[in-house]
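>>> just to be clear, the model below is a prediction. Sequence and coordinates:
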Amino acid sequence: MVIKKEVTIKNKSGLHARPAALFVQAANKFTSGILIIKDDQQVNGKSIMGILMLAAEKGSKITIVAEGDDALRAAEELSAILAGDIDTLGMTAKTV
Amino acid sequence: MDKKTVKKQLQLKGIPAAPGIVIGKAFIFGGNDLVPIERKIADKDIPREIEKYNSVILKTKKEILEIEKKISEELGVEHGKIFSAHLLVLEDPVLIEEVIARLKKQKKNIEIIFHEVLNKYIDVLSEAKDEYLRDRISDIIDVGNRILRNLMGAEGKGLDSLSEESVVIAYDLSPSDTAMMHRGKVLGFATDIGGRTSHTAIMAKSLEIPAVVGLENVTDAVQDGDTIIVDGNHGIVIVNPTKAFLAKYQKDKKKYDHMEEGLIELKFLPSETKDGKKIKLAANIELAEDVSSVLFHGAEGIGLYRTEYLFMNRNTLPSEEEQFKAYKLVAQRMKPSYVTIRTLDVGGDKFLSQLDVPREMNPFLGWRAIRFCLARPDIFKTQFRAILRASAFGKIRLMYPMISGVGEFVQAGAILEETKKELRKKQISFDENIEVGAMIEVPSAALTSGIIAREADFFSIGTNDLIQYSLAIDRVNEKIAYLYEPAHPAILNLIKTVIDNGHKEGISVGLCGEMGSDITLTIVLLGLGLDELSVSPIAIPEIKKVIRSVNFSVARQIADEIIRMSTGEEIHKFATNKMKELVPEIATELGIE
């Protein structure tokens, strides 16, 4: 099963630091492979180094591609971390 | 020693990170200079190199988990968490894949391959302007060096294996480095970068290793084996001190160590004058961890808990739960003594990166502190809820920063009442009689303190800002630093006004600010009639000694005389002379001229 989901980064400081670490920790709970695509860059969603290299800033559009048995759940949960309930302060709320 | 070889004395000023004075030989610690030697390998050696890499990852993981456990137990889970980020880097699938792919392609030893890949990432990330990303780089360097050290078998490079007692000099020390300091061998340390709330500084404090950070160029100024004095009380480092200096510091050190010993005795004695006038001696803190030092130095309470440090150096706001835990911990540890929690004081020179606060022409006169909180009741209420909930676990007092008139105090009170109502509805318990005070640090508040006193339960005079606003001196601007005069007649008169107005309404008036730590002014402040002095924990014993050595009646006469003088210089001179006259042994001990 392959699930694709497009998300806009709403966190003020982009996908760095804490959000990135949370994302990687969450991604590693799933057996599915996770890819993150931004423009023409593509990185492994289970790699903190990869995600940091993306330097995805606030407002950038990224696509999460999950492939595997738990792809659906993975795509849901991971996109929620990025786009879920994050208010204008860059405050990650409910989802984390 | 031959005269020609005598090196010039150099004095550097940095940020005091952990108190105490040490004198010793410098050991330059280059955490980042592990450079492996390149070696070609044969095809058949590739599996062996990969095997080596895998086993080093396992070994490193074990090390990191051990440090994490140790730090979590000793300093709290919050600090241990830094090391979970290290594990993510260590086991990063992309990093591992890239190392192995390069190894197979380039056929070079694993050490050099790993070093190259690591540097590639560091280089790319270094170009980012984002401060959080830079924090990640130091994590990556820290864990990368640990892996490299293990690959190279470079045991004995860490700070746990110093052969003789040394003062460690470094550009920066990672949390891993600091965690490895064994108290016996590392006398103290001094670094180029770092702030007083950095993890390294916090760890130094709890390990009780005197330290000065943020010296900018200490690594350039010092050579291995130089004699170094680290004065963690004042943030001063002296390289190759002259004989005279060395003697002075040996005396200071003795005095400090002696005082530390004498503390235990002084700790349980009340802070009262010879004729029985009591003045509360409280402490200012920034972090929950500071409570140990507060208790150690015998403070009667916490006169100022600056909560903004909970909000700094991070990219999300602390949740109600996180704040609650911190406040509760402080309240519980201080019980039955009181804890004065100051609500969020942002703006001015303290910015929170997670808040979209626009840059201002005059930040100290701008959208800050109570003004910001009143405009963001969501943030204000979250903090109120956390403070109120914590008030069920000890004696907490609430205090608003930067009140400029009674209106703001009343407005904040309305939001507080609303929050209390919500908690009652949910049957969450809190201290119904929680006292609410105003920090008096704006001249308009000082002048109208008689009006504010009818609403407030207590006052605390914040002298740092009061001086800056009253004398129109930007305290961050070095060019006009000479005008920053705590003993200026305007300041003493404002303080007197606030005390008198407060007392007329029957509320207590304290003072929290650097001025309170100026021992030459202790007698004057006492004489003006303050009920509480809140200072950094380390300043408490000396101030207590002065208080216990004088009569209040005499202090009052001195204050009466001083309040009529015309210049700060005159006042300062008079106060110093009186101090030398009344408590000569303390003046000599402190070297007050």
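Noted; the coordinates are in hand. Nothing here was measured: the structure is a model prediction, and the numbers come from that model.
>>> what mean pLDDT would you report for stretch B:332-351?
For stretch B:332-351, mean pLDDT is 86.
>>> buried sites along that stretch?
Neighbour-count burial for stretch B:332-351 flags B:333-334, B:337-348, B:350 (criterion: 16 or more other CB atoms under 10 Å in any protein chain shown). (Each C-beta comes from the backbone N, C-alpha and C, glycine too.)
>>> quick check: which element contains B:Gly303?
strand B:301-306 (DSSP states H and E).
>>> close to chain A, is stretch B:297-313?
No: Stretch B:297-313 lies apart from chain A when judged by CB under 8 Å from any CB of the partner chain; the minimum separation is 10.6 Å.
>>> quick one, what contacts the nearest residue to B:Arg475 once chain neighbours are set aside?
In this structure, B:Arg475 finds its nearest non-sequential neighbour in B:Gln468, 4.7 Å apart by CB to CB, 6 or more residues apart in numbering or on different chains. If you count contacts by CB atoms under 8 Å, 6 or more residues apart in numbering or on different chains, B:Gln468 has them with B:364, B:474-475, B:484.
>>> how about B:Val186?
B:159, B:162, B:165-168, B:209 are the contacts of B:Val186 under CB under 8 Å, 6+ apart.
>>> now those in CSV, with secondary structure, neighbour count and distance to B:Lys253?
Below are the contacts of B:Val186 laid out as CSV (DSSP: H, G, I helix; E, B strand; the rest coil; neighbours: other CB atoms under 10 Å in any protein chain shown; distance: CB to CB, whole Å):
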residue, secondary structure, neighbour count, distance to B:Lys253
B:Leu159, helix, 22, 22
B:Leu162, coil, 19, 21
B:Glu165, coil, 13, 14
B:Ser166, strand, 23, 17
B:Val167, strand, 25, 13
B:Val168, strand, 26, 18
B:Ile209, coil, 24, 15
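>>> between those, which is closest to B:Leu103?
Set against B:Leu103, the nearest of those by CB to CB is B:Leu159 (30.8 Å).
>>> ok, the closest one touching B:Ser166?
No: B:Leu159 lies out of contact with B:Ser166 (CB atoms under 8 Å); the separation is 9.2 Å.
>>> thinking again about what came up before, neighbour-wise, which one of the contacts of B:Gln468 leads?
With neighbours taken as other CB atoms under 10 Å in any protein chain shown, the top of those is B:Arg475, carrying 19 neighbours.
>>> wait, that one touches B:Ile467, no?
Yes: counting by CB under 8 Å, B:Ile467 is a contact partner of B:Arg475 at 7.5 Å.
>>> joint contacts of the two?
Counting by CB under 8 Å, 6+ apart, the residues touching both B:Arg475 and B:Ile467 are B:Tyr484.
>>> quick one: low-confidence parts of chain A?
Within chain A, the segments meeting pLDDT under 70 span A:10-19, A:55-59, A:83-96.
>>> okay if I get the contacts of B:Val186 as a markdown table plus distance to chain A and pLDDT?
Shown next, in a markdown table, are these (distance: CB to the nearest CB, whole Å; pLDDT from 0 to 100):
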| residue | distance to chain A | pLDDT |
| --- | --- | --- |
| B:Leu159 | 27 | 73 |
| B:Leu162 | 33 | 77 |
| B:Glu165 | 38 | 88 |
| B:Ser166 | 34 | 90 |
| B:Val167 | 33 | 93 |
| B:Val168 | 28 | 92 |
| B:Ile209 | 28 | 88 |
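>>> rewinding a little: give the rounded mean pLDDT of the helix or strand containing the residue nearest to B:Arg475.
Assigned by DSSP H and E, B:Gln468 belongs to helix B:463-470. What helix B:463-470 shows for mean pLDDT is 94.
>>> now do it: distance to the chain's middle.
21 Å (CA atoms, centre = their mean, to the nearest Å).
>>> tell me where the stretch 401-550 of chain B has strands.
Taking DSSP state E, counting those that start in this stretch, the strands of the stretch 401-550 of chain B run over residues B:435-440, B:458-462, B:508-512, B:532-535.
>>> out of those strands, which comes closest to chain A?
strand B:435-440 (25.2 Å; CB to the nearest CB).
>>> next secondary structure after the longest strand seen in chain B?
Ranked by residue count under DSSP state E, the longest strand found in chain B is strand B:21-28. Counting by DSSP H and E, the next helix or strand C-terminal to strand B:21-28 is helix B:46-75.
>>> packing partners for that following helix?
Applying 3 or more CB pairs under 8 Å, 6 or more residues apart in numbering or on different chains; DSSP states H and E, one finds that helix B:46-75 contacts helix B:77-80, helix B:82-90, helix B:93-106, helix B:110-126, helix B:131-152, helix B:175-179, helix B:199-207.
>>> if we use 6 Å, what do you get?
helix B:77-80, helix B:82-90, helix B:110-126, helix B:131-152 (3 or more CB pairs under 6 Å, 6 or more residues apart in numbering or on different chains; DSSP states H and E).
>>> next, the buried residues of that helix.
In helix B:46-75, counting by 16+ other CB under 10 Å, buried: B:49-50, B:52-53, B:56-57, B:60, B:63-64, B:67-68, B:71, B:75.
>>> is it possible to get CSV of the residues you listed that adds pLDDT?
Converted to CSV, the buried residues of helix B:46-75 look like this (pLDDT from 0 to 100):
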residue, pLDDT
B:Glu49, 91
B:Ile50, 93
B:Lys52, 92
B:Tyr53, 93
B:Val56, 92
B:Ile57, 93
B:Thr60, 90
B:Glu63, 86
B:Ile64, 87
B:Ile67, 81
B:Glu68, 82
B:Ile71, 74
B:Leu75, 65
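>>> domains of chain B?
Per automatic domain parsing, the structural domains of chain B span B:3-30+B:165-254, B:43-152, B:270-589.
>>> so which of those domains comes closest to A:Ser47?
domain B:43-152 (3.7 Å).
>>> gap between that closest one and the chain center?
Worked out by CA atoms, centre = their mean, domain B:43-152 lies 30 Å from the chain centre.
>>> output the below-cut-off pLDDT ranges for the stretch 1-150 of chain B.
B:1-6, B:31-34, B:74-79, B:128-135.
>>> can you show me the helices along the stretch 451-593 of chain B?
Here the stretch 451-593 of chain B has its helices, by DSSP state H, counting those that start in this stretch, at B:463-470, B:489-504, B:522-528, B:540-549, B:552-562, B:568-582, B:584-589.
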